[in-house]
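Visitor: coordinates only, no sequence provided:
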């Protein structure tokens with residue numbers, strides 16, 4: 001029996017296996033760099049064309065038929081064709097060049113708009129803070145000197161710092177207490193309780209201020225019955241009515257209560273989710289070892305959710321620095337209740353003082369940056385541990 005000869009396969013026409021897309025090196029040559037810049041800018045330029053198309057659509061004298069056609073083209077076909085066409089053009093490039101250019105096609109426009117709407121206003125605000133009230137002449141740091149020498153601005157800075165010290169801590173402690181308590185309820189009762197506590201978050205700052213206007217409302221003697229909740233209770237118990245929002249410095253605390261009421265639900269929901277992530281094995285082991293509930297809470301629960309506590313605290317701090325609605329609606333900054341954000345809006349839009357208004361905005365930005373850096377460093381530390 002003769003030995004069977006092995007079959008020879010002609011593999012001259014067989015294409016060599018291609019490496020997967022993720023293994024292809026990205027080549028950044030001069031041509032790829034130019035194409036990347038074009039891909040990043042072409043969409044914003046076309047969107048500018050869309051803007052002028054919208055101006056045409058707003059023209060009352062324009063032909064209505066053309067308006068309908070243009071609206072269909074711009075609104076439906078235009079946006080889809082823009083990205084599809086650009087992607088098709090990039091696909092015709094060599095694979096390495098296409099991999100280098102394609103991210104700029106989709107990320108580039110977003111970065112361009114972020115730069116236009118965030119970076120440019122920040123730089124322009126800094127320039128305005130170095131100019132006079134009408135932005136006609138350069139005055140250097142005179143506006144910042146005004147902030148730290150005039151009493152009304154000093155009071156605003158002092159009050160803002162007081163808000164930062166009181167509101168985040170109070171909202172965090174109350175929210176943590178609620179989160180711990182509702183975590184011990186049944187599933188259905190827990191959901192209902194959380195919904196009730198979280199409900200104030202659905203109210204705007206202005207709406208909450210209007211609600212608390214009826215809580216703190218005061219009518220002098222001879223101007224009718226007291227319609228404010230606190231004064232109605234106080235008078236009903238035999239006391240005299242009080243102008244709560246004119247009592248210094250307690251009027252600032254009364255205003256802070258509004259924001260604490262709004263942010264407690266937010267803190268409670270976030271911290272409750274973190275508490276549910278605490279390993280039950282650790283808690284049970286501590287209880288078996290004889291640890292009290294207070295020690296379990298302070299030695300196990302708190303350290304485990306500390307990163308979440310920091311996130312909630314820093315988030316509320318940033319919000320507190322920006323708050324002006326409550327002060328604007330409740331007192332308008334009277335009776336030494338002004339804060340930096342409220343003064344910034346007042347200087348810009350009421351007093352038409354661009355210089356001081358911009359200086360107040362820069363002051364707020366400088367105060368918030370350290371908080372942002374804390375969040376970023378915390379996030380990087382957590383990512384490194386994963």
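Guide: Received it, and whenever you're ready, just let me know what you need. Computed from a predicted structure; not experimentally measured.
Visitor: remind me which helix or strand residue 356 belongs to.
Guide: Using DSSP states H and E, residue 356 sits in helix 354-385.
Visitor: would you mark the buried spots in that helix?
Guide: Using 16 or more other Cβ atoms under 10 Å as the test for burial, helix 354-385 gives 354-364, 367, 371, 375. All C-beta atoms are positioned from the backbone trio N, CA, C, and that covers glycine.
Visitor: which residue ranges make up each domain of this structure?
Guide: Annotated domains of the chain cover 23-129, 142-213+244-385 [automatic domain parsing].
Visitor: name the helix or strand for residue 259, please.
Guide: Going by DSSP H and E, residue 259 is in helix 250-276.
Visitor: make that residue 96, sorry
Guide: Per DSSP H and E, residue 96 falls inside helix 95-114.
Visitor: please point out which parts of that helix sit buried.
Guide: Applying 16+ other Cβ under 10 Å to helix 95-114 flags 97, 98, 99, 100, 101, 102, 104, 105, 108, 109, 112 as buried.
Visitor: one step back: what's the mean pLDDT across the helix holding residue 356?
Guide: For helix 354-385, mean pLDDT is 86.
Visitor: so where's the stretch 151-300 of the chain uncertain?
Guide: Along the stretch 151-300 of the chain, segments meeting pLDDT under 70 are nowhere present.
Visitor: oops, could you answer that again for the stretch 1-150 of the chain instead?
Guide: Judged by pLDDT under 70, the stretch 1-150 of the chain has its weakly predicted residues at 1-44, 46-47, 75, 77-79, 81-82.
Visitor: and the helices in it?
Guide: For the stretch 1-150 of the chain, applying DSSP state H, counting those that start in this stretch gives helices covering 30-58, 64-72, 79-91, 95-114, 120-129, 142-149.
Visitor: reformat the buried residues of helix 354-385 as a markdown table; add distance to residue 193.
Guide: What follows is the buried residues of helix 354-385, written out as a markdown table (distance: Cβ to Cβ, whole Å):
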| residue | distance to residue 193 |
| --- | --- |
| 354 | 48 |
| 355 | 50 |
| 356 | 46 |
| 357 | 43 |
| 358 | 45 |
| 359 | 45 |
| 360 | 40 |
| 361 | 40 |
| 362 | 43 |
| 363 | 40 |
| 364 | 36 |
| 367 | 35 |
| 371 | 31 |
| 375 | 29 |
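Visitor: for residue 245, state which of the residues you listed is nearest.
Guide: Residue 245 has its nearest neighbour among these in residue 360, at 23.0 Å by Cβ to Cβ.
Visitor: who are the contact partners of residue 384?
Guide: By Cβ atoms under 8 Å, 6 or more residues apart in numbering, residue 384 lies in contact with nothing.
Visitor: show me what counts as buried in the helix holding residue 259.
Guide: By 16+ other Cβ under 10 Å, the buried positions in helix 250-276 come out as 251-252, 254-272, 274-275.
Visitor: please name every helix or strand in contact with it.
Guide: Packing partners of helix 250-276 (3 or more Cβ pairs under 8 Å, 6 or more residues apart in numbering; DSSP states H and E): helix 151-182, helix 187-198, helix 205-216, helix 306-322, helix 325-330.
Visitor: that older thread, quick one: list the elements packing against the helix holding residue 96.
Guide: Short answer (3+ Cβ pairs under 8 Å, 6+ apart): helix 95-114 packs on helix 30-58, helix 79-91.
Visitor: so residue 238, which of the three states?
Guide: The three-state assignment at residue 238 reads coil, by DSSP: H, G, I helix; E, B strand; the rest coil.
Visitor: how close does it get to residue 221?
Guide: Look at residue 238 and residue 221: by Cβ to Cβ, to the nearest Å, they are 15 Å apart.
Visitor: deepest in the core, which of the domains of the chain is it.
Guide: Neighbour counts (mean count of other Cβ atoms under 10 Å) averaged over each of these peak at domain 142-213+244-385, with a mean of 17.
Visitor: so how far is it off the chain centroid?
Guide: Computed by Cα atoms, centre = their mean, to the nearest Å, the chain-centroid distance of domain 142-213+244-385 equals 13 Å.
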